[in-house]
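Student: Below are the sequence and a predicted model for it; my questions follow.
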Amino acid sequence: MMTSNPLKTMMNNIPVPTSQLIEVIQVKGMTKTFQHESHQVTALQDVNFTIYQGEMVAIMGTSGSGKSTLLQMIGAIDAPTSGQILIRGEQANIYQEPQATLFRRDNIGFVFQSFELLEDLTVADNVAMPLILQDMPHKEIETRVNEVLTQVEMLQWRTHLPAELSGGQQQRVAIARALIARPPILLADEPTGALDFNTTNTILALLQTIQTKKQQTMIIVTHDAYVASYADRVLFFHDGRIVDHYDNERNEYDVGHILEKFKQIARGDV
Ligand SMILES: Nc1ncnc2c1ncn2[C@@H]1O[C@H](COP(=O)(O)OP(=O)(O)OP(=O)(O)O)[C@@H](O)[C@H]1O
Ligand SMILES: [Mg+2]
């Protein structure tokens with residue numbers, strides 16, 4: 001029901017008190033500088049934004065604009081040079097061990113362009129891995145694996161090896177692995193980048209179903225305006241900064257509007 005979800009209600013332009021929106025991630029003044037041999041690269045420059053519970057947000061930007069770096073900061077894979085991150089309103093102390101590992105384990109699911117499945121493990125064992133690392137009892141793991149493989153429509157493949165699957169099927173398994181620990185935040189870096197158009201459609205439809213049914217918060221990095229049109233809104237990055245944004249209206253013009261903004265940014269007009 002639309003009315004049970006304050007965010008969706010907001011998306012339908014019915015005003016709701018902002019206090020009803022749960023701020024899952026707040027990024028504040030985030031800057032990341034890399035030291036190369038002869039020069040510095042500023043991959044992120046004073047980035048500020050908030051992501052709400054149940055939102056799907058797309059990050060678009062030219063190559064080298066800082067998109068993957070941003071996901072690494074949110075996923076506590078690497079630490080920013082300055083700035084901070086708040087998780088559900090609380091300042092998160094996630095950039096030192098053991099907090100970083102615990103934060104990733106309890107909060108983040110990651111999906112990559114190249115799937116990153118372990119090739120010697122079956123589908124079921126790949127998906128089970130995050131729970132095995134948590135020492136969950138075997139019976140419980142099996143139940144959860146079956147549940148999540150059913151969700152991504154891959155249950156009948158549970159004893160197969162990744163090499164026996166198509167790209168789209170491998171990405172379904174990777175999504176199942178990312179979701180099995182029920183992380184509040186799903187991060188996806190070009191999840192459809194290695195897939196053809198039809199397979200991209202089925203993966204996007206799957207992500208959208210997961211978003212709607214599970215109120216799953218997700219951030220998807222993409223070069224593709226069509227992929228970005230599935231999100232609730234799009235943040236455009238250029239040279240490490242957010243330079244524009246677009247709220248999808250869920251009509252046939254979204255892709256064109258996103259593409260137009262993206263072209264302007266690539267031309268350096270923004
Ligand atoms: N580990 C690193 N060490 C040094 N420089 C890095 C590192 N990671 C990223 N960079 C630099 O930071 C900048 C942003 O890189 P990033 O990978 O975030 O871009 P991106 O937007 O994901 O690009 P693409 O669309 O090509 O994946 C680039 O100039 C890159 O060379
Ligand atoms: Mg990248």
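Tutor: In hand now; what should we look at? Numbers count the residues shown, from 1 in each chain. Ligands and ions are numbered 1, 2, ... in the order given.

Student: show me where pLDDT drops low in the protein?
Tutor: For the chain, applying pLDDT under 70 flags the ranges 1-20.

Student: Helices of that one, start to end?
Tutor: For the chain, the helices identified by DSSP state H occupy 6-11, 67-74, 99-107, 123-132, 138-151, 167-179, 197-214, 225-228, 254-267, in order along the chain.

Student: For I185, find the nearest of those.
Tutor: Nearest to I185, of all those, is helix 99-107, at 5.6 Å by Cβ to Cβ. Yep, even glycine has a C-beta here, placed from its N, CA and C like the rest.

Student: Can you name the residues in contact with that closest one?
Tutor: With contacts defined as Cβ atoms under 8 Å, 6 or more residues apart in numbering, helix 99-107 is touched by 75-77, 87, 92-94, 130, 133-134, 181, 183-185.

Student: Buried ones in that helix, by neighbour count?
Tutor: 100, 103-104, 107 (16 or more other Cβ atoms under 10 Å).

Student: Report the contact partners of the residue nearest to R144 when sequence neighbours are not counted.
Tutor: In space, not counting the residues next to it along the chain, R144 is nearest to I180; the distance is 5.7 Å by Cβ to Cβ, 6 or more residues apart in numbering. With contacts defined as Cβ under 8 Å, 6+ apart, I180 is in contact with 127-128, 130-131, 144-145, 148.

Student: So what pairs up with the residue sitting nearest the centre point of the chain in the strands?
Tutor: Per Cα atoms, centre = their mean, the C-alpha nearest to the average position across the chain is that of L187, at 2.3 Å. On the basis of DSSP bridges, L187 is bridged to F110, I219.

Student: who touches it in this structure?
Tutor: Residues near L187 by Cβ under 8 Å, 6+ apart: 71, 74-75, 108-111, 218-219.

Student: What separation is there between it and E119?
Tutor: 23 Å (Cβ to Cβ, to the nearest Å).

Student: thinking again about what came up before, quick check: phi and psi at the residue nearest to R144.
Tutor: When quoted as degrees, to the nearest 10, the phi and psi of I180 stand at phi -60, psi -30.

Student: Flag every buried residue along stretch 67-77.
Tutor: Judged by neighbour count using 16+ other Cβ under 10 Å, the buried positions of stretch 67-77 are 67-76.

Student: Now render those as JSON lines, adding distance to S82.
Tutor: Conversion of the buried residues of stretch 67-77 to JSON lines gives the following (distance: Cβ to Cβ, whole Å):
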{"residue": "K67", "distance to S82": "19"}
{"residue": "S68", "distance to S82": "19"}
{"residue": "T69", "distance to S82": "14"}
{"residue": "L70", "distance to S82": "14"}
{"residue": "L71", "distance to S82": "18"}
{"residue": "Q72", "distance to S82": "15"}
{"residue": "M73", "distance to S82": "11"}
{"residue": "I74", "distance to S82": "15"}
{"residue": "G75", "distance to S82": "18"}
{"residue": "A76", "distance to S82": "16"}
